[in-house]
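Novice: Here you go, sequence then predicted model.
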Amino acid sequence: MSRKNQTLGEFIIENQASFKYTSGELSRLINSIRLAAKVVNHEVNKAGLVDIIGTAGETNIQGEDQQKLDVYANTKFIQTLKNRNIVCGIASEEEDSFITINSQDENHQNKYVVLIDPLDGSSNIDVNVSVGTIFSIYRRITPVGTPVQLEDFLQPGNQQVAAGYVVYGTSTMLVYTTGDGVNGFTLNPAIGTFYLSHPNMRFPENGKIYSVNEGNYIHFPQGIKNYIKYCQMEEDDRPYTSRYIGSLVSDFHRNMIKGGIYLYPKSSRDSVGKLRLLYECNPMAFLAEQAHGKASDGFKRIMDIQPTELHQRVPFICGSKNMVEKAEEFMRNAQ
């Protein structure tokens, strides 16, 4: 039985039987992510003291400027997962294509692929605002022992076996699910151990926070404009409070604890949406649903979308169930 102040390692061992697959491989994989997160956390906390902030002088596959910490976090997570010989493939938001692990070894039996956003919200590093890591884990669908293929990564979110995030904030937390609820663990930096601090995390059904970049309001579809106006009306328990950090992990984390909705719709500037389906939306949608929340593209469930490309973008609405359903209602009515 989980208990507060239980270590992450103890929690993983005690709850291994609740995993869909109990070979121990998934447990070792979560432990690898924990290790890499601690290394990245150490570097994030030195951001103002060493030459690790600012751009790296390159762009990623999405055409975005890479921050130095983007490159560092990407390298550390990939190295850790490779060195532990646990996964058969890795896809990162910072890489053009997926990475095959042990492709020359015909006997390797690794069954999992990891998709990762190594440092979400990294542009906030320069101003000392919270950033995070997002990860998603699937079982491969191609034969074990063969090189991993693109189809192993292009699975709908409803096939995820685990997902989570790490938020590097005033305290560092690792929050994850294996399909049996959501639990949060806080790092004690003095001894480098994560302890269960937020068991059985849940979204309140209703909230009073809406998180959206209102600077893009003029470019939003009419349904989203109408919903924002609804949030601002003085009626019943409204107006809601506007809170937008610009780091998906941080905005999601706050809204899950306090109750709220996060919106990043498509717009006249981003006609298909801005957030990545595989690295951001699917893992956050899995967490939201496991925490009794909801995630949608405005019309349908995020985790039912069949991916067609590795860096696919989609509109994203996520948070307290009743708030997301109200936003969907406005989207339908505006058609």
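Specialist: Great, that's in hand. Note that this is a predicted model, so its numbers are computed, not measured.
Novice: Does the residue nearest the centre of the chain lie in a helix or a strand, and which?
Specialist: Residue closest to the mean C-alpha point of the chain, counted by C-alpha atoms, centre = their mean, is residue 134 at 3.5 Å. For residue 134, the enclosing helix or strand under DSSP states H and E is strand 131-139.
Novice: what's that strand packed up against?
Specialist: helix 25-44, helix 68-83, strand 112-120, strand 160-168, helix 248-258, helix 282-290 (3 or more C-beta pairs under 8 Å, 6 or more residues apart in numbering; DSSP states H and E). C-beta coordinates here come from the backbone N, C-alpha and C atoms, glycine included.
Novice: Nearest to residue 311 among those would be which one?
Specialist: If you check each of those against residue 311 by C-beta to C-beta, strand 112-120 wins as the nearest, at 10.6 Å.
Novice: That closest one: partners in the sheet, and parallel or antiparallel?
Specialist: Taking DSSP bridges as the criterion, strand 112-120 forms sheet pairs with strand 87-92 (parallel), strand 131-139 (antiparallel).
Novice: Show the average pLDDT along the first one.
Specialist: This means strand 87-92. Across strand 87-92, the average pLDDT comes to 94.
Novice: next SSE after that strand?
Specialist: Downstream of strand 87-92, the first helix or strand assigned by DSSP H and E is strand 99-100.
Novice: export the strands paired with strand 112-120 to CSV and tack on distance to residue 320?
Specialist: Output for the strands paired with strand 112-120, formatted as CSV (distance: least, C-beta to C-beta, whole Å):
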stretch, distance to residue 320
strand 87-92, 30
strand 131-139, 20
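Novice: Mind checking those for the one nearest to residue 145?
Specialist: strand 87-92 (9.0 Å).
Novice: Contacts for that closest one, please.
Specialist: Strand 87-92 is contacted from outside by 29, 74, 77-78, 81-82, 97-102, 108, 110-118, 140, 144, 148, 152-153, 278-279, 310, using C-beta atoms under 8 Å, 6 or more residues apart in numbering.
Novice: repeat that for 7 Å
Specialist: Contact with strand 87-92 is made by 29, 74, 78, 81, 98-102, 108, 110-116, 118, 140, 148, 152-153, 278, 310, as judged by C-beta atoms under 7 Å, 6 or more residues apart in numbering.
Novice: doesn't residue 232 make contact with residue 239?
Specialist: Yes. Using C-beta atoms under 7 Å, residue 239 makes contact with residue 232 at a distance of 5.0 Å.
Novice: Of the strands paired with strand 112-120, flag the one that's most buried.
Specialist: Of all those, strand 131-139 carries the top mean neighbour count, a mean of 26, counting by mean count of other C-beta atoms under 10 Å.
Novice: pLDDT weak spots in the stretch 101-250 of the chain?
Specialist: The stretch 101-250 of the chain contains residues with pLDDT under 70 at 103-108.
Novice: what ranges do the strands span in it?
Specialist: Counting by DSSP state E, counting those that start in this stretch, residue ranges of the strands within the stretch 101-250 of the chain are 112-120, 131-139, 160-168, 172-177, 182-188, 193-198, 209-211, 241-242.
Novice: Before we move on, what's the pLDDT of residue 52?
Specialist: Looking at residue 52, the pLDDT reads 45.
Novice: heads up, I number from 670, so please use that
Specialist: With the count now opening at 670, the last piece we talked about shows up as residue 721.
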